[in-house]
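S.K.: Quick one, structure for this:
(4 chains)
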There are 2 protein chains.
Amino acid sequence: MTPTSAARQSTLRSSNLALVLRTVCAGGPLSRADVAVRTGTTRATAARLVDDLVAGRLLDEGERLTPPRRGRPATPLLPGARVGALGLQVDAGLLAARVLDLRGRVVAEHVEDDDLVGSDPARTLARLGALTADLVAGLPAGLRLAGAGLALPGLVDGDLLLRAPNLGWTDVPAPDLLAAQLPGGLRPVVGNEADLAARTVADTAPGRPGPLRDFLYLSGQIGIGGAAVLGGRVLTGSAGWAGEVGHVCVDPDGPACRCGSTGCLEQYAGRHALLAAAGLPLDTPPAEVVARAGELPVRRALDAAADALGVALAGVVNVLDLPVVVLGGHLAALADVLRPGLEELLGRRVLSARWRRPTVLAVTGPPAAGATGAALQALDAVVADPVAWLP
Amino acid sequence: MTPTSAARQSTLRSSNLALVLRTVCAGGPLSRADVAVRTGTTRATAARLVDDLVAGRLLDEGERLTPPRRGRPATPLLPGARVGALGLQVDAGLLAARVLDLRGRVVAEHVEDDDLVGSDPARTLARLGALTADLVAGLPAGLRLAGAGLALPGLVDGDLLLRAPNLGWTDVPAPDLLAAQLPGGLRPVVGNEADLAARTVADTAPGRPGPLRDFLYLSGQIGIGGAAVLGGRVLTGSAGWAGEVGHVCVDPDGPACRCGSTGCLEQYAGRHALLAAAGLPLDTPPAEVVARAGELPVRRALDAAADALGVALAGVVNVLDLPVVVLGGHLAALADVLRPGLEELLGRRVLSARWRRPTVLAVTGPPAAGATGAALQALDAVVADPVAWLP
DNA sequence: TGGTTATGTTCCACGGGAGAACAAACTCGA
DNA sequence: TCGAGTTTGTTCTCCCGTGGAACATAACCA
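M.R.: Residues are numbered from 1 along each chain as shown, chains lettered A, B, ... in the order given. Just a heads-up that it's a prediction; the model follows:
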């Protein structure tokens, strides 16, 4: 955002502190001299900034284990291991709490599989709260939690979960129900699950950009969530409700959707819809679907899903100009069987495909990517404005 | 973008100069004291910055015509009238050159209607060049042209127009064909027509935000171009090819489109497609279409267009979360007959409509909005980095 | 005419980065 | 073993831009 108030000397300093921290986060272990080169400052300035960040524990000085070189050995700098953030997630199939540190490592986690469709919000969040309190109690002493985030599969407005169709939740003030059980002052910022999961693809650790900076992320769950990432930033839209790719219309005359509309993508490529179309039980694991892709009804359902994805995603790519589609959730497991049809359709329906053909990738990470993304978001706040976290 | 190199004292100064210039551009006539208040600086600092901008002619000191108040009268500051930019446009139906000053006023313009479908690129651009040279020659002495832009209806990649279906142009190095005839060093930056036209809706003058900051702009031409605006910024996508709303699929089994796909929005709501469906000549003016909306074939074509727009735009709004759809070009003239059906569909198909119903607006400005947008873009570069334009 | 009030200017202090010189810590080769 | 060479990290001074307070200016008002 363009600033609305003037920059003063202190702005300069905080901006440069952020730059230095970001540089170290992005570039692995660096010496003060490296930092000076990469940020275009002098060694004097870089060292001063680094010293402040080290004093605030946002950076750590590592052991000198560089291979012997000429000259005075450098002290390697790393993102502070004693600064962490809490990421929480409630999904139709799981409850998760995870703590990440500034290096992006998982310090502690607890993931609990459970069917939460139609569960009571207060009760479920109380469970998550208890689970989280245990996790936090067991954290190594000296770890400072800089924030918390909560990933929910639905429309979020500020602190309120407006509607999570897969959970059957409506108007849930999630942070209020959680904060009481969390350690003092830790109030989670609520975000959409797909938005936060997309973050884990865009960045591999806080402040460390991954190889993909522009892509459309699809989070295949019971329904289909999505998030567009442009320049490494998740597009949240004017009210934070962006990314509802699951409800892009594939065929106006198609089947009715829970949302009240007809022919939504979700009705072809959502997990439940796909399994129903294939004549399989709704709890069939994706691997089995792939294994049985030779059977006609399964094949037809997969083809229909690929066609629907092709039509819907081509539209999104035409509007947003994204070179890559990343499949997550259950769609990742189906990527190999979906990709041929999907890429073919994208090649045909995307106007700019002649100059750059969209590609389809799959990411299969650890479960509860939303929790990781929620923690990343909190840590990114630290990286973006380190001054607020210095003594 | 997050900075990649460190800020120094001079960065501070240029950032604050930009802030002051932006503040004056946004807020009409302001005194130095007003600037100090709005930017949160002291009068001393604000005055120093203003003085520099006045010396560089980016700001003008106006006559003191404020209504008598107590205290020393203020010197009103205005965006510099002697700094301008050139906006050019080639469209299927016109050739335009327009000069805007920093206050957003049209200093000079020349718009020529002509059917340029299938025209020779070199010849047409030479005509535009000659026309522009005349326009520039007639500019008031002392006006400094800070840049130039060229709006073209197609996919643009850097300096190259890859493809403009409505013109029938392919791989045209437009700036090369123009620059020779333009006054020294004035090389136009090429942009997509819809992207640039959307700018004229987002900002009413350089650095002066309009009331709408998040919207989807639709530029109805022979085809349909579009641009999504988020936070006042046009989304150009990773390669600048974003906004091809015209080729979002409305019905996979629909009619074939020039682009090679089927059922594109353009095939229902594009000017040619709509007129053909209504059984009217292709050069029927929009006003006549509206007048004959009672006739059955016309009514059916309009309904089909509204339905197609509803399906396609609902998808875009679901993905991008935009509260407003702005109709431009020929669609603006049809807005009254399209709106009811369109808004109804958006209300039904947009997931978040229950909380905020998308609205449909029409903008009917002077012709060749792309040219205005191109000039605005060039002037915005001045506002964003005034230091480059100071002596 | 002098008091009041808001604007614009001038002066000096402070903070932060630039640059150069210096200290430190290691390798390498004689 | 020891000094030359090399790279890192630190210290010092200078410069630049903003902040703040005092002052000058130009109007209104009684």
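S.K.: for the record, mean pLDDT for the host helix or strand of A:R123?
M.R.: A:R123 belongs to helix A:121-137 when assigned by DSSP states H and E. Regarding helix A:121-137, the rounded mean pLDDT is 95.
S.K.: Name the next helix or strand downstream of it, please.
M.R.: Following helix A:121-137 in sequence, per DSSP H and E, is strand A:144-152.
S.K.: Contact distance from DNA strand C - what residues of the stretch 1-150 of chain A qualify?
M.R.: A:9-10, A:12-13, A:16, A:40-45, A:48-49, A:64, A:68-73 (Cβ under 7 Å from any atom of the strand). From N, CA and C alone the C-beta is placed, and that goes for glycine too.
S.K.: In terms of pLDDT, where does A:T66 sit?
M.R.: Value for A:T66, per-residue pLDDT: 65.
S.K.: Revised request: answer the last question for A:A180.
M.R.: Per-residue confidence at A:A180 stands at 86 (pLDDT).
S.K.: Against chain B, how distant is it?
M.R.: Noted for A:A180: a distance of 27 Å to chain B, by Cβ to the nearest Cβ, to the nearest Å.
S.K.: With A:L212 instead?
M.R.: Here the criterion is Cβ to the nearest Cβ. By it, A:L212 lies 10 Å from chain B.
S.K.: right, is the helix or strand encompassing A:A301 up against chain B?
M.R.: Here A:A301 is covered by helix A:296-320, with elements defined by DSSP H and E. Yes: counting by Cβ under 8 Å from any Cβ of the partner chain, chain B is contacted by helix A:296-320 at A:307, A:311-312, A:314-316, A:318-320.
S.K.: cool, stretch A:6-16 as well?
M.R.: Yes: using Cβ under 8 Å from any Cβ, stretch A:6-16 reaches chain B at A:6-9, A:11-12, A:15-16.
S.K.: Of those, which are in range of DNA strand D?
M.R.: The residues of these that also fall near DNA strand D, by Cβ under 7 Å from any atom of the strand, are A:6-9.
S.K.: May I see the PyMOL selection of the buried members of those?
M.R.: Typed into PyMOL, the line below selects the buried ones among those, using 16 or more other Cβ atoms under 10 Å in any protein chain shown:
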select buried, chain A and resi 6+7
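S.K.: Could you list the low-pLDDT ranges of the stretch 51-200 of chain A?
M.R.: Scanning the stretch 51-200 of chain A for pLDDT under 70 picks out A:65-67.
S.K.: For DNA strand D, what's the nearest residue on it?
M.R.: The minimum distance from the stretch 51-200 of chain A to DNA strand D, using Cβ to the nearest atom of the strand, falls at A:G71 (2.2 Å).
S.K.: Give the full set of residues in contact with that residue.
M.R.: Listed by Cβ atoms under 8 Å, 6 or more residues apart in numbering or on different chains, A:G71 has no contact partners.
S.K.: hmm, 10 Å instead?
M.R.: Contacts for A:G71 (Cβ atoms under 10 Å, 6 or more residues apart in numbering or on different chains) come out as A:A33.
S.K.: quick revisit: now intersect the ones next to DNA strand D among the residues of stretch A:6-16 next to chain B with the helices, please.
M.R.: A:Q9 (DSSP state H).
S.K.: who in the stretch 51-200 of chain A is up against chain B?
M.R.: The stretch 51-200 of chain A has residues A:154-155, A:157, A:162-163, A:165 near chain B, with proximity defined as Cβ under 10 Å from any Cβ of the partner chain.
S.K.: Now the two most distant members of the residues you listed.
M.R.: In these, the most distant members under the criterion Cβ to Cβ are A:D157 and A:P165, with 15.3 Å between them.
S.K.: wait, is A:E112 part of a helix?
M.R.: No: applying DSSP: H, G, I helix; E, B strand; the rest coil, one finds A:E112 to be strand, outside a helix.
S.K.: Could you pull up the residues touching it?
M.R.: Applying Cβ under 10 Å, 6+ apart to A:E112 gives the contacts A:94-97, A:127-128, A:131, A:368.
S.K.: From chain B, how far out is it?
M.R.: To chain B, A:E112 is 29 Å away according to Cβ to the nearest Cβ.
S.K.: Which strand residues bridge A:T170?
M.R.: A:R163 (DSSP bridges).
S.K.: dump the residue contacts of it.
M.R.: With Cβ under 10 Å, 6+ apart, A:T170 has these contacts: A:121, A:154-155, A:161-164.
S.K.: same thing with A:T132?
M.R.: A:86, A:88, A:95-99, A:110, A:148, A:150, A:178, A:181-183, A:186, A:188.
S.K.: tell me which element the residue of the stretch 151-300 of chain A found nearest chain B is part of?
M.R.: With Cβ to the nearest Cβ as the measure, A:G237 is the residue of the stretch 151-300 of chain A nearest to chain B, at 2.5 Å. Assessed by DSSP H and E, A:G237 sits outside every helix and strand.
S.K.: Surely A:T75 touches A:R32?
M.R.: Yes: contact status for A:T75 versus A:R32: in contact at 7.2 Å, counting by Cβ atoms under 10 Å.
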